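Asks: compute the structure for the input listed below.
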Amino acid sequence: NVNLSDLAAANVGEFAIDFVGLYTCVTNGDTISYDLPKNAPFSVVFTAAANCRFEGARKTSTTSFASGINSVTTLTAQDIPVAVACPAWSLDLTTNVKQAYLVSGNVRLKVTTTQVGKTTEYLHVVTKTSEAGDSYTGLEISGVDTLDGETVIDLSAVADGAGYDVVSMTSSAFAGQAVVSVVAPQVVYLDYGIFNGCAALTSVTLSPNLYYIGGRAFMQTSALTDLQPHVFAKFETFNVSDRYNFKMSAVSGDYVFGRVKVLPEQCFQACTNLTSVRFPECERVVDSCFNGCSSLTNFCAPKAIDFKASALIACPKLATVEFSTAVTNIAGSAFYQDVIESLPEANWTNLLYLGGSNFAFSKAEMGDVNVPLLTTLAGRNFQNAKVTSCYAPLVETIGEYAFDYCSKMTNLTIKGSAGCFIANYAFRGAHSLKD
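Replies: A predicted model of the protein is given here:
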């Protein structure tokens with residue numbers, strides 16, 4: 001209820017009522033009312049954000065200076081733009097319930113159904129259970145039956161129309177569609193290729209309880225800059241075998257994935273708008289996972305002990321890297337072309353393999369490097385890095401440019417000159433090395 005009486009004497013030509021907010025919903029039986037002073041010098045104009053929903057609402061105007069005047073009209077396109085009209089979803093079941101659909105205007109979404117034994121009964125409700133034992137019961141979308149020019153899919157009202165929330169999406173349901181925005185605040189499970197190739201997709205809202213993302217789910221979503229929320233505290237699994245989960249997506253900002261332990265190959269490759277990521281439980285980062293993330297400044301995985309080849313290669317703004325000091329494997333070029341300013345203390349007593357070209361040109365104050373189990377220091381490992389000493393008593397091979405221009409390095413412990421092969425330029429420019 002908006003009282004405009006106080007504005008009757010004001011020099012106002014127009015008074016606007018704006019409807020905003022993602023979950024604003026005015027439906028059948030609702031009334032938008034206002035008190036309009038007699039002979040008011042202004043008109044009332046209704047406007048609405050594109051993500052508001054209106055269906056069959058009434059606009060009621062009254063005058064506070066004359067009783068009995070009450071005009072009632074149905075909201076028109078002039079009052080509320082047609083573009084924001086979005087009827088509530090309803091559940092459509094065929095007579096034998098073999099197929100169910102969620103229906104809203106021009107959109108029909110296929111709902112997964114399961115036959116009960118050998119009977120004619122079909123269930124359209126699924127239960128998704130995470131590895132931690134969290135269970136979610138509701139509907140599962142398996143495909144888009146029709147999408148006649150509709151670009152906004154808002155599933156936040158599904159529970160009102162069908163009695164169940166949509167908790168899962170599967171089978172490349174929206175892949176390649178022209179959808180622009182998807183609001184699915186209860187979805188906890190995204191299967192293979194859900195939004196793969198949705199070039200027009202700009203925003204997706206999911207449940208903060210999301211725990212699974214399949215391979216290629218957001219691959220090539222080149223306009224997707226807004227993925228909400230930014231913290232998925234219960235997230236457990238990126239599908240490893242299918243991989244490419246966010247490859248070449250425009251997803252931007254800072255994100256936390258709470259429980260995931262393995263990051264698949266090329267999971268976030270070429271996500272050029274991604275700025276910061278945190279994986280509190282992650283232990284393994286697979287090949288080219290963040291290759292080419294040109295805006296990434298912070299990588300935090302305090303339990304990570306295994307980095308595969310090129311895991312974070314070509315991240316030129318990557319300033320802060322956090323992983324476990326119990327790290328066992330850092331494959332070749334895992335951190336190549338990264339000008340890192342902050343690294344964990346280099347007391348890597350469990351490190352068994354350190355591939356070439358990893359910390360070259362790092363700006364981090366690495367200090368004393370302790371790698372007692374390494375047998376090889378590969379080429380360009382610490383080229384131009386700020387290393388003051390290196391303790392590697394088992395090392396038998398030192399590759400080309402391994403400590404090239406490590407000008408602060410004063411001390412090195414290796415197996416000994418008789419038992420160690422030292423390649424060309426291994427210590428070029430290491431003028432402070434005396435012991």
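Asks: C-alpha coordinates for the helix or strand harbouring L139, PDB please?
Replies: Applying DSSP states H and E as the criterion places L139 in strand 135-147. Extracted C-alpha coordinates of strand 135-147, given in PDB (Å, rounded to 0.1, in the frame of the first residue of the first chain):
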ATOM      1  CA  SER A 135      19.900 -36.100   1.200                       C
ATOM      2  CA  TYR A 136      17.700 -33.900  -1.000                       C
ATOM      3  CA  THR A 137      14.400 -35.100  -2.400                       C
ATOM      4  CA  GLY A 138      12.600 -33.300  -5.300                       C
ATOM      5  CA  LEU A 139      12.300 -33.100  -9.000                       C
ATOM      6  CA  GLU A 140      15.000 -33.700 -11.600                       C
ATOM      7  CA  ILE A 141      15.100 -31.900 -14.900                       C
ATOM      8  CA  SER A 142      16.300 -34.100 -17.800                       C
ATOM      9  CA  GLY A 143      15.600 -31.900 -20.800                       C
ATOM     10  CA  VAL A 144      13.900 -28.900 -22.400                       C
ATOM     11  CA  ASP A 145      10.900 -30.000 -24.500                       C
ATOM     12  CA  THR A 146      10.200 -26.500 -25.900                       C
ATOM     13  CA  LEU A 147      11.900 -23.200 -25.400                       C
END
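Asks: mean confidence for the following helix or strand past that strand?
Replies: Remark: after strand 135-147, the chain's next helix or strand is strand 152-154, criterion DSSP H and E. What strand 152-154 shows for mean pLDDT is 88.
Asks: now strand 152-154, how far from the centre of its chain.
Replies: The chain centre lies 18 Å from the centre of strand 152-154; the measure is C-alpha atoms, centre = their mean, to the nearest Å.
Asks: what packs against it?
Replies: strand 181-183 (3 or more C-beta pairs under 8 Å, 6 or more residues apart in numbering; DSSP states H and E). All C-beta atoms are positioned from the backbone trio N, CA, C, and that covers glycine.
Asks: off-centre distance for the strand it packs on?
Replies: Here strand 181-183 is found 14 Å from its chain centre; the criterion is C-alpha atoms, centre = their mean.
Asks: and stretch 384-404, by the same measure?
Replies: The answer for stretch 384-404 is 38 Å, by C-alpha atoms, centre = their mean.
Asks: check stretch 296-304 too.
Replies: The answer for stretch 296-304 is 16 Å, by C-alpha atoms, centre = their mean.
Asks: equivalent analysis for stretch 294-309, please.
Replies: 16 Å.
Asks: ditto for stretch 377-397
Replies: 37 Å.
Asks: so which bits of it are buried?
Replies: Using 16 or more other C-beta atoms under 10 Å as the test for burial, stretch 377-397 gives 377-387, 389-392, 395, 397.
Asks: so which residues of the stretch 201-350 of the chain form helices?
Replies: Remark: helices of the stretch 201-350 of the chain are absent; assignment by DSSP state H, counting those that start in this stretch.
Asks: mind checking the SS state of K415?
Replies: Here K415 is recorded as coil under DSSP: H, G, I helix; E, B strand; the rest coil.
Asks: I meant to write L102 there.
Replies: From three-state DSSP, the assignment for L102 is strand.
Asks: how close does the most centrally placed residue in the chain sit to V277?
Replies: Nearest to the geometric centre of the chain sits L227, at 5.3 Å (C-alpha atoms, centre = their mean). To V277, L227 is 12 Å away according to C-beta to C-beta, to the nearest Å.
Asks: shared neighbours of those two, anything?
Replies: Y255 (C-beta atoms under 8 Å, 6 or more residues apart in numbering).
Asks: what residue ranges in the chain score low on pLDDT?
Replies: Within the chain, the ranges that satisfy pLDDT under 70 run 1-87, 94-96, 148, 160-161, 416-418.
Asks: mind redoing it with 80?
Replies: Filtered on pLDDT under 80, the chain yields the residue ranges 1-88, 94-97, 105-106, 119-120, 145-150, 157, 159-163, 416-419.
Asks: quick revisit: give me the beta-bridge partners of the residue nearest to the centre of the chain?
Replies: V204 (DSSP bridges).
Asks: need the contact list for it.
Replies: 203-204, 206, 218, 251, 255.
Asks: returning to that earlier point: what angle separates the strand holding L139 from strand 100-104?
Replies: Between the axes of strand 135-147 and strand 100-104, defined by axes from the mean of the first three to the mean of the last three C-alpha atoms, to 10 degrees, the angle is 70 degrees.
Asks: buried residues, strand 135-147. List them.
Replies: Buried residues in strand 135-147 (16+ other C-beta under 10 Å): 136, 138-144, 147.
Asks: just these now: which is nearest K303?
Replies: Within these, the smallest distance to K303 is 26.5 Å, found for Y136 (C-beta to C-beta).
Asks: ok, back up a step: and the contacts of the strand holding L139?
Replies: 91, 101-102, 106-112, 124-129, 158, 162, 164-174, 177-179, 186, 188-189, 209.
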